[in-house]
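K.L.:
when you get a sec, could you give me coordinates for this:
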Amino acid sequence: MIKSVPLLVSLLVAGCSNVANTHIEYETVKPEQFPTLIAVGYAPIELQPGANKQQKMLNAIRASKIDAYRELAEQVYGLKISSGNNVNSFVMASDRVKAQVDGLIKGARVVQSYPVGEMYATELELDTEQLYYLNQLQAPAQKIKKVTYY
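P.N.:
Reported below is the predicted structural model:
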């Protein structure tokens, strides 16, 4: 048992030494196409807080913009759904569904905002090519170009 320990240690050290003597070269990867994402958010005008029609309209504009950003975040990051139910004596006691989105949207622009009947709508656009270049500034996407062993 004691004689095999030095052999095991030397094998581990020899295996690790190849990693330390390796140089990996990366190159940036650019996607072939860049889709444009579009999201529309809606908000009811009359249900907004405000003393008069103008204040309600301004709040509906803001709420529809936030709703559009939420929809855009769902497209970019996906939507987390969690659900559960309770059964008591083989009778459904409770049932719940929760949806959540969490993300940071950069580079989106408001295409237009307009009233639609009793609702207010805001259209957002996200050019993923612009998003690609914004992300390249922070953390470029890369692939292995060349590996050199010493």
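
K.L.:
so where do the helices sit in the chain?
P.N.:
4-20, 53-77, 128-138 (DSSP state H).

K.L.:
by mean pLDDT, show me the worst of these.
P.N.:
Of all the helices of the chain, the minimum mean pLDDT falls on helix 4-20 (a mean of 52).

K.L.:
what residue lies at the spatial centre of this protein?
P.N.:
Centroid-nearest residue in the chain, with CA atoms, centre = their mean: residue 77, separated by 2.8 Å.

K.L.:
quick one: contacts for it?
P.N.:
101-103 (CB atoms under 8 Å, 6 or more residues apart in numbering). Heads up, the C-betas are built off the backbone N, CA and C, glycines and all.

K.L.:
list buried residues within those residues.
P.N.:
Among the contacts of residue 77, the ones that count as buried by 16 or more other CB atoms under 10 Å are residue 101.

K.L.:
list the contacts for residue 107?
P.N.:
Contacts of residue 107 by CB under 8 Å, 6+ apart are 126-127, 130-131, 134.

K.L.:
between those, which sits nearest residue 28?
P.N.:
residue 134 (14.5 Å; CB to CB).

K.L.:
how much space separates that closest one from residue 128?
P.N.:
10 Å (CB to CB, to the nearest Å).

K.L.:
quick one: which of the two has more around it?
P.N.:
Between residue 134 and residue 128, counting by other CB atoms under 10 Å, residue 128 is the more crowded of the two (16 against 11).

K.L.:
count of neighbours near residue 26?
P.N.:
Other residues close to residue 26 by other CB under 10 Å number 12.

K.L.:
that one is in contact with residue 145, isn't it?
P.N.:
Yes. At 5.7 Å, residue 26 and residue 145 qualify as touching, with contact defined as CB atoms under 8 Å.

K.L.:
ok, of the contacts of residue 107, which come out buried?
P.N.:
For the contacts of residue 107, buried by 16+ other CB under 10 Å: 126, 131.

K.L.:
could you give the number of residues near the residue nearest to residue 21 when sequence neighbours are not counted?
P.N.:
Computed as CB to CB, 6 or more residues apart in numbering, the closest residue to residue 21 that is not its neighbour in sequence is residue 150, at 4.1 Å. If you count neighbours by other CB under 10 Å, residue 150 ends up with 8.
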